[in-house]
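Student: No sequence on hand, only this structure:
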């Protein structure tokens, strides 16, 4: 089968097309003939710096859509030929991928394979940020970093559907701001946002801030909270060193800080993640949210997809097309 591997860390050009044997599912696993694979920022970090890479050579890719090829022993509820979406934990940039059966889902009603590849990481993460971890209540305000990205566009829709009083986004360009406004955002700020948030909220601040950037942006998100506000960190795209939050920052206004990682939860509490994902996928099936796919590339052009995402100019979701 065809696959994309990295044999060393570096720029997108280290992504190499190779011919390898198709993997077989082990106990509790299924193999999938991949139609599409999602491209995530975590893939770029894996390629460039070894993020969550156990050893080289390594096949990137965390999510796929396709048809079940084979099922391992002990697997029930899935059948050969069934159209599915799945979290893989790696190896998605290939014609055949293997996933744990508990992280393989029938496509939501009305979703095709192209849409299916865009939802395994994005939609459960967005749902968790709004509901499970962020616990957004009707009338509350929310501030979202990366509002024009895959997760950001879904968070905007879910927050609005949950009855948010105001949904604010932060992006890096005016073009992205215009794009994000189509996905539930009331106001979108470009670049520095702390003063703009205070002005928009009458100096009150927001009830919930969602941050995948880390570093100084995370600190500014914390400073943008209202009394009893909540901050959820769900990434460190900036690559900044970790920093601690304690009594001096939290006590004066009763702030809370939480975190979320879908990849970590898939390892520590897969059954919990499955339940969360099923609730999240229902929001796709009932039309509450759409996941905008803005570009797709053939498998052999994975480097182009990484280049585009790396420029921070892309919006929505990027896919690799593996098979028609």
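Tutor: On my side now, so go ahead. Quick caveat: nothing in here was measured; it's all calculated off a predicted structure.
Student: so how far is stretch 186-203 from its chain's centroid?
Tutor: 24 Å (Cα atoms, centre = their mean, to the nearest Å).
Student: do stretch 203-223 as well
Tutor: How far stretch 203-223 lies from its chain's middle: 19 Å, per Cα atoms, centre = their mean.
Student: cool, stretch 51-66 as well?
Tutor: 15 Å.
Student: let's have the chain start at 587 instead
Tutor: Sure, I'll start counting at 587 from here, so that last one is stretch 637-652.
Student: Can you point out the buried residues in that stretch?
Tutor: 637, 639, 644, 645, 646, 647, 648, 649, 650, 651, 652 (16 or more other Cβ atoms under 10 Å). Every residue, glycine included, has its C-beta placed from N, CA and C.
Student: all strands for the stretch 787-910 of the chain, in order.
Tutor: 792-797, 811-819, 842-845, 879-884, 903-907 (DSSP state E, counting those that start in this stretch).
Student: Against which helices or strands is the first one packed?
Tutor: Of the remaining helices and strands, those touching strand 792-797 by 3 or more Cβ pairs under 8 Å, 6 or more residues apart in numbering; DSSP states H and E are strand 727-731, helix 801-809, strand 811-819.
Student: Kindly present these as TSV, with separate columns for distance to residue 715 and mean pLDDT.
Tutor: TSV is the format used below for the helices and strands packed on strand 792-797 (distance: least, Cβ to Cβ, whole Å; pLDDT from 0 to 100):
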stretch	distance to residue 715	mean pLDDT
strand 727-731	8	98
helix 801-809	13	95
strand 811-819	6	98
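Student: Quickly compare those and say which is most buried.
Tutor: Highest mean neighbour count of the helices and strands packed on strand 792-797: strand 727-731, a mean of 28 (counted as mean count of other Cβ atoms under 10 Å).
Student: Quick check: which helices or strands does the helix or strand just after that strand pack against?
Tutor: Going down the chain from strand 727-731, the next helix or strand is helix 736-747, by DSSP states H and E. If you count contacts as 3+ Cβ pairs under 8 Å, 6+ apart, helix 736-747 packs onto helix 708-713, strand 727-731, strand 752-757, helix 760-766.
Student: Can you list the strands that the host helix or strand of residue 655 pairs with?
Tutor: If you go by DSSP H and E, residue 655 is part of strand 649-657. Strand 649-657 has the following sheet partners, assigned by DSSP bridges: strand 615-625 (antiparallel), strand 669-673 (antiparallel).
Student: Deepest-packed of those, please.
Tutor: strand 615-625 (a mean of 26).
Student: got the angle between that strand and strand 879-884?
Tutor: 110 degrees (axes from the mean of the first three to the mean of the last three Cα atoms, to 10 degrees).
Student: Identify whichever of the helices and strands packed on strand 792-797 lies nearest to residue 687.
Tutor: Residue 687 sits nearest to strand 811-819 of all the helices and strands packed on strand 792-797, at 29.1 Å, using Cβ to Cβ.
Student: Could you break the protein into its assigned domains?
Tutor: With automatic domain parsing as the criterion, the domains of the chain are listed as 588-705+877-907, 709-849.
Student: gap between the last one and the chain center?
Tutor: Computed by Cα atoms, centre = their mean, the separation of domain 709-849 from the middle of its chain amounts to 15 Å.
Student: pull the helix or strand with minimum mean pLDDT from this structure.
Tutor: helix 833-836 (a mean of 91; mean pLDDT, DSSP states H and E).
Student: How about residues contacting it?
Tutor: 808, 841, 842, 843 (Cβ atoms under 8 Å, 6 or more residues apart in numbering).
Student: switch to 10 Å and redo it
Tutor: 805, 808, 809, 811, 817, 841, 842, 843 (Cβ atoms under 10 Å, 6 or more residues apart in numbering).
Student: low pLDDT regions in the stretch 787-910 of the chain?
Tutor: Where the stretch 787-910 of the chain drops to pLDDT under 70, the residues are 910.
Student: if we go to 50?
Tutor: Scanning the stretch 787-910 of the chain for pLDDT under 50 picks out nothing.
Student: Go through stretch 872-888 and flag the buried ones.
Tutor: Neighbour-count burial for stretch 872-888 [16+ other Cβ under 10 Å]: 875, 876, 877, 878, 879, 880, 882, 883, 885, 887, 888.
Student: Give me the distance between the closest residue to the first one other than its chain neighbours and residue 909.
Tutor: This means residue 875. Distances taken as Cβ to Cβ, 6 or more residues apart in numbering place residue 743 nearest to residue 875, at 4.3 Å, with adjacent residues excluded. The spacing between residue 743 and residue 909, counted by Cβ to Cβ, to the nearest Å, is 30 Å.
Student: do the same with residue 620
Tutor: Taken as Cβ to Cβ, the span from residue 620 to residue 909 is 7 Å.
Student: Quickly list what's touching both of those two.
Tutor: By the contact definition Cβ under 10 Å, 6+ apart, residue 620 and residue 909 are jointly contacted by 652, 653, 681, 682, 699, 885.
Student: now, the most widely separated pair of those?
Tutor: Greatest spacing in the shared contacts of residue 620 and residue 909, by Cβ to Cβ: 653 and 885 (16.5 Å).
Student: The longest helix anywhere in the chain relative to helix 736-747, how many degrees between them?
Tutor: In terms of residue count, the longest helix belonging to the chain (DSSP state H) is helix 856-871. Orientation check (the same axes, to 10 degrees): helix 856-871 against helix 736-747 gives 70 degrees.
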